[in-house]
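>>> attaching a predicted model along with its sequence, questions to come.
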Amino acid sequence: MRSTSGEGRDEERTTPESERSEKRSVIAMRGELDPPGVPAELVAVFRPHLPALVERITTRVQDDIPEFAGPANGRRHKLIATAVSGAIRQFVEITLGRSRRSTRVDDLFRQMGYGEAAAGHDLTAIQNALKLGTREAWDEMRLLASQQGLSAAVLGELGDTLFAYIDHLADQITVGYNAARTARERDINVVRGRLLAALVRRAPSDEIETLAMNAAWPLPAGVVVFGADARGDVVIPNLGESKPSVLGRSDLQPALFVCSQDEADDVVAHIRSIAPGVRLARSWPVAVDEIPDARRWTVRALKLADLDVIPNQAVLDCEQHRTQIWLHSEPALRRRMTQELLRPLLAETPNSREILSETLLDWLQTRDSAPAIASRLGVHAQTVRYRWKRINELFGEALHDPEFVVQLTLVLKASVPLWVAGDQSDFERYLSEESS
């Protein structure tokens, strides 16, 4: 006949795995890790193997899980080794009944979960690492237990305690992960604001990539930049909720919005539908590192529209006005060159200045005959010839200098629209310099 103790061991040996899982679940639900009654002698045998086990688990994690790869003397290797060592040593204490909980180890695993979420990762890699470490530790313990003649019943209890402990660590990882996701979702607009500021100041690429990842805003291959302003009681919308894929600062003057080039038309339609009184200037598609340049173009387009240098429309397409945006990129330089190159014109009467500059600019841009120019200007060809005679008197041989002609063309192209729109500052500056 079988002895009572033998029957007990056979029952333990044949206990279904579902019952063991249920037992581990009960242990985990209680929040306690009961010591399995492992002889202290086994623990004494196990302790010398800990450093090698920690190193083996750490190395395997880095070798087998690409997300945790790195040099053996690197910071990541040290962090993994610290976590593995802390967990194993805490488990050893549990087996001896000396400890049921470790705030330090729990905090460490919560921080690991938090870090995965903060980096924009899911829990797959860290869960795989936990499984790998568990297998390595269990294989080591089973081997030593077998060598020490540990009974199947005690070995089963040891396994239940180990897997309940691992479940507990997995829970800590999840707690940290969820905490980070909650914090990130709560602060997502703050992070996106930092990302937009970094893009505008052309921050280093690694900083931008980190901010983009934390902001859950994948960097597009091409973006469109918008400038927006409004008059009167019109309020520029904050697109953070209605268009979360758009980075924006509605508190700037003018407001700034950035979106992927594929979404640009939708953004225009959306803003026009919710705030039709808002005027928009949109850039052509640019790379992410050109956002500061595109921002300047949209701001300049809005200013030029205010001056009537370009048509003042509800939506200004910078691509259609690139020449004027370029020519007005250095206002101080335009003013200085106007005083130097167009001085003879500035000295003319307002009416003479208007018709001569109009005729000269047409000729510089087309080099057409007097009849062709006259047709475009709506005057007689002889009138054009008279004007051309006066232009030659004002500029003389300078009109035969190619460099002068190029500069003259650009300055006139930039300045004439201002004069036509009623801007008198060039003439006032000329009179001021003449009288000083």
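Nice, I can see it.

>>> for the protein, longest helix please?
What stands out as the longest helix in the chain, according to DSSP state H, is helix 152-186.

>>> the next helix or strand after it packs against which elements?
Next helix or strand after helix 152-186 toward the C-terminus (DSSP states H and E): helix 188-200. Helices and strands touching helix 188-200, as assessed by 3 or more CB pairs under 8 Å, 6 or more residues apart in numbering; DSSP states H and E, comprise helix 205-214, strand 247-249, strand 255-260, helix 291-306. Bear in mind the C-beta positions are built from the backbone N, C-alpha and C, glycine included.

>>> reformat these as JSON lines; add mean pLDDT.
Output for those, formatted as JSON lines (pLDDT from 0 to 100):
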{"stretch": "helix 205-214", "mean pLDDT": "90"}
{"stretch": "strand 247-249", "mean pLDDT": "93"}
{"stretch": "strand 255-260", "mean pLDDT": "96"}
{"stretch": "helix 291-306", "mean pLDDT": "96"}
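
>>> which residues does the closest residue to residue 417 other than its chain neighbours contact?
Counting by CB to CB, 6 or more residues apart in numbering, residue 309 is the residue found nearest to residue 417 once chain neighbours are left out, at 4.3 Å. Counting by CB atoms under 8 Å, 6 or more residues apart in numbering, residue 309 makes contact with 324, 328, 417-418, 421.

>>> just give me the closest of these to residue 58.
Ranked by distance to residue 58 (CB to CB), those are led by residue 328 at 61.2 Å.

>>> distance check, that closest one against residue 223.
Look at residue 328 and residue 223: by CB to CB, to the nearest Å, they are 23 Å apart.

>>> next: residue 326.
From residue 326 over to residue 223 (counting by CB to CB), the distance is 20 Å.

>>> how about residue 135?
46 Å.

>>> helix or strand for residue 308, which one?
Secondary structure assignment for residue 308, by DSSP H and E: no helix or strand.

>>> compare residue 326 and residue 223 (neighbour count), which wins?
Set side by side, residue 326 and residue 223 show more neighbours around residue 223, with 23 against 13, by other CB atoms under 10 Å.

>>> would you enumerate the residues in contact with the more buried one?
258-261, 285-288, 291, 294.

>>> of those residues, keep whichever come out buried.
258-260, 285-286, 288, 291, 294 (16 or more other CB atoms under 10 Å).

>>> looking at the contacts of residue 223, which is nearest residue 77?
For those, the closest approach to residue 77 (CB to CB) belongs to residue 288, at 33.1 Å.

>>> helix, strand or coil for the nearest residue to the closest one once chain neighbours are set aside?
Spatial nearest neighbour of residue 288, excluding adjacent residues (CB to CB, 6+ apart): residue 219 at 5.6 Å. What DSSP: H, G, I helix; E, B strand; the rest coil gives for residue 219 is coil.

>>> which ones are touching residue 219?
For residue 219, the contacting residues are 208-209, 212, 288, by CB under 8 Å, 6+ apart.

>>> can you say which two of those are spatially most distant?
Greatest spatial distance in the contacts of residue 219: 209 and 288, 10.0 Å, computed using CB to CB.

>>> okay, now the domains of the protein?
The chain is divided into the following domains under automatic domain parsing: 4-186, 191-327, 331-435.

>>> most tightly packed of those?
Highest mean neighbour count among those (mean count of other CB atoms under 10 Å): domain 191-327, with a mean of 17.

>>> measure that domain end to end?
With CA to CA, to the nearest Å as the measure, domain 191-327 spans 36 Å from end to end.

>>> repeat that for stretch 201-209.
End-to-end for stretch 201-209, by CA to CA: 14 Å.

>>> can you list contacts of that stretch?
If you take CB under 8 Å, 6+ apart as the criterion, stretch 201-209 is touched by 195, 198-199, 219, 288-289, 291-292.

>>> what do you get if the cut-off is 10 Å, keeping everything else the same?
Identification of contacts with stretch 201-209 by CB atoms under 10 Å, 6 or more residues apart in numbering yields 194-195, 197-199, 210-211, 219, 288-293.

>>> closest to residue 170 among these?
residue 210 (27.0 Å).

>>> now for the longest helix of the chain, which elements pack on it?
Contacts defined by 3 or more CB pairs under 10 Å, 6 or more residues apart in numbering; DSSP states H and E place helix 152-186 against helix 4-13, helix 17-30, helix 75-95, helix 103-118, helix 124-147.

>>> tell me which of these sits nearest to residue 372.
Each of the helices and strands packed on helix 152-186 has some distance to residue 372 by CB to CB; the shortest is helix 103-118, at 67.7 Å.

>>> please name every helix or strand in contact with that closest one.
Helices and strands touching helix 103-118, by 3+ CB pairs under 10 Å, 6+ apart, are helix 75-95, helix 124-147, helix 152-186, helix 205-214.

>>> other SSEs contacting the first one?
To tie it back to what came earlier, the one meant is helix 75-95. Using 3+ CB pairs under 10 Å, 6+ apart as the test, helix 75-95 ends up in contact with helix 40-46, helix 50-64, helix 103-118, helix 124-147, helix 152-186.

>>> avg pLDDT for the shortest one?
Going back to what we said before, that points to helix 40-46. Averaged across helix 40-46, pLDDT comes to 71.

>>> what's the answer for the third one, then?
Helix 103-118 shows a mean pLDDT of 87.

>>> tell me what angle that helix forms with helix 152-186.
With axes from the mean of the first three to the mean of the last three CA atoms, to 10 degrees defining the directions, helix 103-118 sits at 50 degrees from helix 152-186.

>>> can I get helix 103-118 as PDB, trimmed to CA atoms?
Output in PDB follows, covering the C-alpha atoms of helix 103-118 (Å, rounded to 0.1, in the frame of the first residue of the first chain):
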ATOM      1  CA  THR A 103       8.500  48.900  -2.400                       C
ATOM      2  CA  ARG A 104      11.900  49.500  -4.000                       C
ATOM      3  CA  VAL A 105      11.500  46.600  -6.500                       C
ATOM      4  CA  ASP A 106       7.900  47.500  -7.100                       C
ATOM      5  CA  ASP A 107       8.800  51.100  -7.900                       C
ATOM      6  CA  LEU A 108      11.600  49.900 -10.200                       C
ATOM      7  CA  PHE A 109       9.200  47.800 -12.300                       C
ATOM      8  CA  ARG A 110       6.600  50.600 -12.300                       C
ATOM      9  CA  GLN A 111       9.200  52.900 -13.600                       C
ATOM     10  CA  MET A 112      10.100  50.500 -16.300                       C
ATOM     11  CA  GLY A 113       6.500  50.400 -17.400                       C
ATOM     12  CA  TYR A 114       6.300  54.200 -17.300                       C
ATOM     13  CA  GLY A 115       9.400  54.400 -19.400                       C
ATOM     14  CA  GLU A 116       8.000  52.200 -22.100                       C
ATOM     15  CA  ALA A 117       4.800  54.300 -22.300                       C
ATOM     16  CA  ALA A 118       6.800  57.500 -22.300                       C
END
